[in-house]
Structures are given as structure tokens and as C-alpha cells.
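Novice: only geometry, no sequence info:
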Ligand SMILES: Nc1ncnc2c1ncn2[C@@H]1O[C@@H]2COP(=O)(O)O[C@H]2[C@H]1O
């Protein structure tokens, strides 16, 4: 991958004379360099710095990490710091602390069954995992990890050994043993103290203290008690769009937002909602099953369009439509997994959009599934992510049900996604040990009720209807003017994200050709495997009917 990027980079640079590509015939990896006028120095990018056997720590970085801290140059420290950005627990530190750590850390690689930390021994180092897995055990020699079917594992990106334990002379609380060949970056106590890392750590801890001190929830607490909170917490950084937690409701930790914000999302099963069921059949009937009489008793186009738009909103009563559908379903009982809906071209109203007019006398034959509300085409059983709300700086996640008995808690899984944020995470049970009566009273007023899945489904349908309408209107009024005179041919690449994979098209249910792009499925833990969609395209009347003055897109007559 890196080689490909470098080749592309090199090709792109060929046009620039000031760039000099030093390519040694004996080296497979070129070095890029150019003269920086501002810094009055040569800047080089040596691809060797990033070359490593897949997944292993790069050789160049190993060379640096094997040097004594005082022998490492600023540039080498920066290289090490860049290479270590893949380690989440390292990235969580402030930039200045990252540089200090890069100055002192050394590299180690150990094989399976090697004990790294022994329970009861004095703390002398802490560790970042670059590659591999380790197990945390209660026994001294770590052998239980190989007998236990579900040992407590730490992976690439995790750290262990507690940096704060280097400040006090504490003993190891558990044993840590390698489950496979594992690469570590180790920080030793002597280097830690000699390079004044503890001062930087204390600075970070002070920031956390200030954050908790300002919170209304802990106003009544003494400074000592707030410090207990600081020690319990672990700071983490998340970039925009990064997943913080797949299910924070059932997680054993609480999250304080110190900077930025994040979104609470819920993955809903649309097929389980009565509104969705009605909505789907209403639209399918419009395409495949429209009764003949409508052709002879048609209301005015504008009236019909408005009626259709209003009906698209699921809060309306569709019982008549449902009854109509159910009657047909009963008539066709016995064909529970495949059903034919025949329509002749004659029965379609003339005013339907071009997609519908172009249909041949067709047959919809698609597999059905049984839902609580009746049969639904299998393809229409989809899931969707819905945003519930945004959590801002200073707010806490995971506390809103903390005082409720289990039976009264809403245990629906909720997803937490970062919009660019820094959080402090701590174990729920440890936090609960600190709660006193004053905090408990404040927490009792802390209730948040998340909307029901049915409400979210209705919201999804409303937004979807609005998006369809908006798209049509924009297409009618604007699009034709935006078309460039010449559109270059774009080659489609296999496996690349295709926006169609997130749209369910109701008009393609009976088509034999299946989409050839990958389809996103709901993670099995949250829902049964379901296709996840962002939008549903439904058949609809031409929007020109609402704005008859626009006969052609973008042309007012
Ligand atoms: N439940 C746990 N989850 C993750 N890491 C743990 C757990 N228990 C112990 N550890 C790590 O194992 C380390 C053992 O040495 P320390 O007590 O210095 O620090 C400990 C933690 O970093």
C-alpha cells in the first residue's frame, strides 16, 4: 500500500523541478527530498522509515527505539511519534506528552507464554501493545490464560501497567502474559522520572481535576474526593465519525465529554414497526396494484399530489389501505413465501412518473417474511441508523438510569459516535462507590427518556418523504442548469463504496438482476442480520403536477 502511495506521489511530483528524487539503484525504496526555502533546509521523506513486514513495527522505528533517550534527535522522536499514532492509547495523550514518551520508550518483542508482568511485584514499567495479544490473569504464572476459554485479553493499541503506578511505588495487581508473538513499546520508571514525564502527566491530571471541579454535579465534594474521580478516569480522544461505543447502555462504564461533542444513535428494525409496514404496502400498491376505478374518477393533479404527499406521512390513518391489502392477502393465502401481484398497463394511471409508465404488464414475485403486522417483502425488511440526540461538552453519558432498578431500565442498545471529542471514561461500579446522598439527589433529576423505536421509525419515514420531495423539486428547478457540457467517463471500481447500496428501491423488488455492489448489514449482536439503509426510494407522481408552470425541468413557461 505504502509503495503504491509512494509511486503515485512520485508520479505527481515529476512536474516539480525543485523536487529531487534520490533513487539509489541498490535500494528498492526511493527517498523524496526538496529544499524548504522557509526553513533553509532539505526536507526528506524516506520511504524506508515506514517499511515493515506487514503489521510489524517498522525497522527504522525499531532502530530509534533501541537508542538511549539522550541520543535520539528531535527528528527521530517525531518519526517515532508519527509511527505510534496507530496505538489508540498513545494517541490519547496530549501532543507534548506523546513526544516525551517517544523520547523514552524502548521496543520489545516476546513470544507466546512469556510473562510480562507478575502479580505482586513492584511496578517498574508500563507498556503499549503494537502487535499481538496479551491476557490479564489473577494467578502468578499466567497459565490460567491458556486454560480459560474466555481470558481477559488486551490487543494492539491497548496499554497496561498504569503510568500513575510509576509515580507511587505500587505493586502489580495482576499478571500479564503473551498469548502470541507480541510487540511492545515500554516506558521504564527511571527514564520516566529522568525526563520529567510525571510533570506533564500532573499537568494533564490538573486539567481533568479542573473539569470535574467545575461540574455542578460535584459541587458539594471536597477537592480530595474530586481527585479520587481523576484517578478513576481514563482520558480518550476520538476523531470525527469514530465509534466510541457500540452499546453504551449495556456497558459497564460512564463517559464524561470534556471537549467537542458526540451523537447518540440507534439502529432500528424498520420491519418491526406498524407505520413502516403500512407505508411499504401503500407504496407497493401504488406501483403494482392500483385499482381500475381510479382511472375514471381522477381528482385534479394538484389535489392528488397533495393527497399523496400527506398520505406519505405515516402519522396518518391508513386503516382503509391496510384493510384493502389484508383482504387481498387473505384471498391469496397458501402462498406465504411468494406472491404474485398482476397489473396490466391499462390499470396504471397515465399521470404516474416515467419509471412507472415504462413498466411492462408485470408480475411482482418476491419472497415474503412474516412480521408482527403481516407479510412484508423480504427485501423491504431493512434497518436504519437514527440519530437520537447530540451530547455536548460537560455532559455525561451512561448516568441517566444509574439509580433505577433493573426492571425499570430501558436496555435498548444505543451507539455513541464521536463528532470529534475528548472523553474521560470510568468504570460505573467504581463511580457508584463515590456517590453520596447529595449527588444521588441530583442524579435522580437526571432522567432522559429516549424515544420509542416506533416514534423513530415514523421520524425516519417523514424525513424520507421530505428528502424524496426535496430531491424531485431540486431536480426540476435546478439540475438541468447544472449539467456540465461534457461529463468525463468515470470507470467504476469494484468494491468501492456505492451510494446505491444505502438506498432501498421499492421499484426493483421483482427485478431478477440483483445489485452487484456490497450491501451493509446490521451487526449481528444488535439486530438479526438486516440490510442497513439510509433512504427508501418510493414510486411517486411527477412533481410537475404541483408546479404545472414548469413543464420541463428548469424551464418556466
Ligand atoms: N480488568 C482489567 N482490564 C484491563 N487491564 C487490566 C485489568 N486488570 C489489570 N489490568 C492491567 O494489568 C496490569 C497489571 O499490573 P498493574 O497493576 O501495574 O496494572 C494493571 C493493568 O494495567
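Specialist: All right, it came through fine. Keep in mind it's a predicted model, so treat the numbers as computed, not measured.
Novice: strands along the stretch 301-450 of the chain, start to end?
Specialist: Along the stretch 301-450 of the chain, counting by DSSP state E, counting those that start in this stretch, strands occupy 338-343, 362-371, 374-377, 382-391, 396-397, 415-427.
Novice: any idea which of those strands gets closest to residue 282?
Specialist: Nearest to residue 282, of all these, is strand 374-377, at 12.6 Å by C-beta to C-beta. The way it works is simple: take the backbone N, C-alpha and C, and place the C-beta from them, glycine included.
Novice: distance of residue 45 relative to the ligand?
Specialist: Distance of residue 45 to the ligand, given as C-beta to the nearest ligand atom, to the nearest Å: 36 Å.
Novice: what sits closest to that residue if chain neighbours are left out?
Specialist: Distances taken as C-beta to C-beta, 6 or more residues apart in numbering place residue 32 nearest to residue 45, at 4.4 Å, with adjacent residues excluded.
Novice: that neighbour reaches residue 9, doesn't it?
Specialist: Yes. When contacts are counted by C-beta atoms under 8 Å, residue 32 is listed as touching residue 9 (7.0 Å).
Novice: which residues make contact with the helix or strand containing residue 474 from outside it?
Specialist: If you go by DSSP states H and E, residue 474 is part of helix 453-474. Identification of contacts with helix 453-474 by C-beta atoms under 8 Å, 6 or more residues apart in numbering yields 266, 268-270, 272-276, 279, 309, 312-315, 384, 386, 388, 412, 451, 535-538, 540, 543.
Novice: same question, stretch 81-96
Specialist: Here stretch 81-96 makes contact (C-beta under 8 Å, 6+ apart) with 49-50, 57-58, 61, 98-99, 101-102, 128-130, 156-159, 185, 200, 204, 234-237.
Novice: ok, residue 32 and residue 9, which is more surrounded?
Specialist: Neighbours were counted for residue 32 and for residue 9 using other C-beta atoms under 10 Å; residue 32 has more, 18 against 14.
Novice: check what pLDDT residue 324 gets.
Specialist: Model confidence at residue 324, given as pLDDT, is 66.
Novice: next to the ligand, which bits of the chain? Give me the list.
Specialist: Proximity of the chain to the ligand (C-beta under 6 Å from any ligand atom) is limited to residues 117, 123, 136, 152, 160-162, 165, 172-174, 176.
Novice: in strands only, show me those.
Specialist: 117, 136, 152, 160, 176 (DSSP state E).
Novice: low-scoring stretches of the chain, by residue?
Specialist: Applying pLDDT under 70 to the chain picks out residues 12-29, 50-51, 164-168, 287-326, 330, 332-365, 479-497, 510-514, 544-557.
Novice: can I see the domain layout of the protein?
Specialist: Following the assignment in the TED database, the chain carries domains at 59-195, 201-232, 236-288+365-477+502-510+521-541.
Novice: ok so, going back, drop anything exposed from the contacts of stretch 81-96.
Specialist: 49-50, 57-58, 61, 98-99, 101-102, 128-130, 156, 159, 185, 200, 204, 235-237 (16 or more other C-beta atoms under 10 Å).
Novice: tell me the contacts of the residue in the stretch 351-500 of the chain that the ligand sits nearest to?
Specialist: With C-beta to the nearest ligand atom as the measure, residue 427 is the residue of the stretch 351-500 of the chain nearest to the ligand, at 8.9 Å. Going by C-beta under 8 Å, 6+ apart, residue 427 touches 232, 252-253.
Novice: a markdown table for those, including neighbour count and secondary structure?
Specialist: Output for the contacts of residue 427, formatted as a markdown table (neighbours: other C-beta atoms under 10 Å; DSSP: H, G, I helix; E, B strand; the rest coil):
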| residue | neighbour count | secondary structure |
| --- | --- | --- |
| 232 | 15 | helix |
| 252 | 9 | coil |
| 253 | 17 | strand |
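Novice: can I get the residues you listed in a markdown table with distance to residue 408?
Specialist: Output for those, formatted as a markdown table (distance: C-beta to C-beta, whole Å):
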| residue | distance to residue 408 |
| --- | --- |
| 232 | 27 |
| 252 | 19 |
| 253 | 21 |
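Novice: from those, which single one is nearest residue 435?
Specialist: Nearest to residue 435 among the contacts of residue 427, with distances taken as C-beta to C-beta, is residue 232, at 12.3 Å.
Novice: does that closest one touch residue 428 like I think?
Specialist: No. Look at residue 232 against residue 428 with C-beta under 8 Å: they stay out of range, at 10.5 Å.
Novice: hey, what's residue 106 bridged with?
Specialist: Beta bridges link residue 106 to residue 186 when assigned by DSSP bridges.
Novice: what about it, neighbour count?
Specialist: 18.
Novice: repeat for residue 121
Specialist: Quick note: residue 121 (other C-beta under 10 Å) scores 11 neighbours.
Novice: residue contacts, it?
Specialist: Contacts of residue 121 by C-beta under 8 Å, 6+ apart are 171-172.
Novice: repeat that with 6 Å
Specialist: For residue 121, the contacting residues are residue 172, by C-beta atoms under 6 Å, 6 or more residues apart in numbering.
Novice: ok so, going back, for the helix or strand hosting the residue nearest to residue 45, buried residues please.
Specialist: Assigned by DSSP H and E, residue 32 belongs to strand 31-36. Using 16+ other C-beta under 10 Å as the test for burial, strand 31-36 gives 31-32, 34.
Novice: just stretch 515-533 next, same as before
Specialist: Applying 16+ other C-beta under 10 Å to stretch 515-533 flags 520, 522-523, 526-527, 530-533 as buried.
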